[in-house]
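Participant: just the structure for this:
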Amino acid sequence: MKKSFFRLLSVAALLFLLFRPSIAFEGARNGLILWGSIVVPTLLPFMICSNVIVTLNAINILIFPVKKLLHQFFYLSDAGSYALISGLLCGYPMGARTCSDFMDSGRISNKEGRYLLAICNHPSPMFLLGYAASNLPSQVPVSLLLLSIYLPILPVSLLAKAIYQVTEPERSLPTNKKASQSFDDSMMDSCEVMVKIGGYIMLFSILALSITKLPMGVPEYKAVILGLVEITTGIKAISGSFSGNLCGLWIAAATAFGGLSGIFQTKSVIKNAGLSIRHYVAWKAFHGLLTIILFILLSRVLDLVPFP
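Facilitator: Model prediction:
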């Protein structure tokens, strides 16, 4: 049944591209411009450097300032701590990729990898402070956006530890032969991942543009749908359709969830069979819900513009 659905979907997609070539061309162009002008310069250098750090076994140097905190509160090993930090600093889908690579190379166990996938894949501060913040209304502080997206990591971590039965930090595991790479191998591996990401961004940009052409009577609904499909296009649409705290709320929710594009990008970098994309989607949905609740609570505490 599942295969039949995707077969029909692939044929329908091809027919749509053939009969609506202008949308296909413009959407693909928008996606590639986004990929080349924003995603590649903000993600590829971090990805290459991350691979080099892992290859040179320099993980402990980077995590040293926060090592005890991550061990005591998150119950992460040294390698798991690095996966969490790389996901926080570099953005989607770097955390999931690092987690999967560490499982493949034997640096972390399957249990720690499943736990990490729930908490290590997030939008980068560079994306939030740059693109997302530029689309916020003037009365919504950037700090509110950051807190509502990053603070839910704490309750998500507590629940994930209970579900995956993580009770203490694991000892560093010996790596297998796959852990060793040359610089050229690291660069080519990073470029391969970037090409996959670019392909998904292009496809979902076509889908996002198609949604904007739909004759929907309420533009706010369309903006929210776009936010659930692709966060960059969605943030821009939300900014043009909402005002005040509602605008900030939906931007925060869409960014925390990551959109369908982010889910498929994450799926493309999860190579280890021990990681489930279904679990990841459930955790991101839960994170998005917590972001909405926290944004509303913080807005009332800070006495900002009230919700209608």
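Participant: can you pull out the helices in the stretch 201-308 of the chain?
Facilitator: For the stretch 201-308 of the chain, applying DSSP state H, counting those that start in this stretch gives helices covering 219-229, 231-241, 244-257, 259-269, 277-301.
Participant: now the first one: buried residues?
Facilitator: Counting neighbours by 16 or more other Cβ atoms under 10 Å, one finds that the buried residues in helix 219-229 are 222, 223, 224, 225, 226, 227, 228, 229. For glycine as for every other residue, the C-beta is placed from the backbone atoms N, C-alpha and C.
Participant: so the fifth one makes contact with residue 214?
Facilitator: When you say that, I think you mean residue 226. No - contact criterion Cβ atoms under 8 Å: residue 226 and residue 214 do not qualify, at 10.4 Å.
Participant: which regions of the protein sit below the pLDDT cut-off?
Facilitator: Applying pLDDT under 70 to the chain flags the ranges 1-6, 9, 172-182, 216-218, 273, 303-308.
Participant: so the spatially most central residue of it: helix, strand or coil?
Facilitator: What sits nearest the mean C-alpha location of the chain, by Cα atoms, centre = their mean, is residue 92, with 3.4 Å. Classification of residue 92 by DSSP: H, G, I helix; E, B strand; the rest coil places it in coil.
Participant: which residues touch it?
Facilitator: Residue 92 makes contacts with 121, 122, 123, 124, 258, 262, 265, 266, as judged by Cβ atoms under 8 Å, 6 or more residues apart in numbering.
Participant: now the third one: how far from residue 198?
Facilitator: Read that as residue 123. In this view, residue 123 and residue 198 are 18 Å apart by Cβ to Cβ, to the nearest Å.
Participant: show me which of the two is the more surrounded one.
Facilitator: residue 123 (24 against 18; other Cβ atoms under 10 Å).
Participant: gap between that one and residue 243?
Facilitator: Distance from residue 123 to residue 243, by Cβ to Cβ: 22 Å.
Participant: then residue 291?
Facilitator: Using Cβ to Cβ, which is the criterion applied here, residue 291 is 19 Å from residue 243.
Participant: repeat for residue 116
Facilitator: 38 Å.
Participant: before we move on, what about residue 11?
Facilitator: Applying Cβ to Cβ, the value for residue 11 to residue 243 is 41 Å.
Participant: ok, these two, which is more surrounded?
Facilitator: Remark: of residue 11 and residue 243, residue 243 carries more neighbours, 13 against 10, as counted by other Cβ under 10 Å.
Participant: quick one, what contacts that one?
Facilitator: Contact analysis of residue 243 by Cβ under 8 Å, 6+ apart lists residue 137.
Participant: try residue 270
Facilitator: 96, 97, 100, 117, 277, 280.
Participant: let's see 6 Å
Facilitator: The contact partners of residue 270, taken as Cβ atoms under 6 Å, 6 or more residues apart in numbering, are 96, 100.
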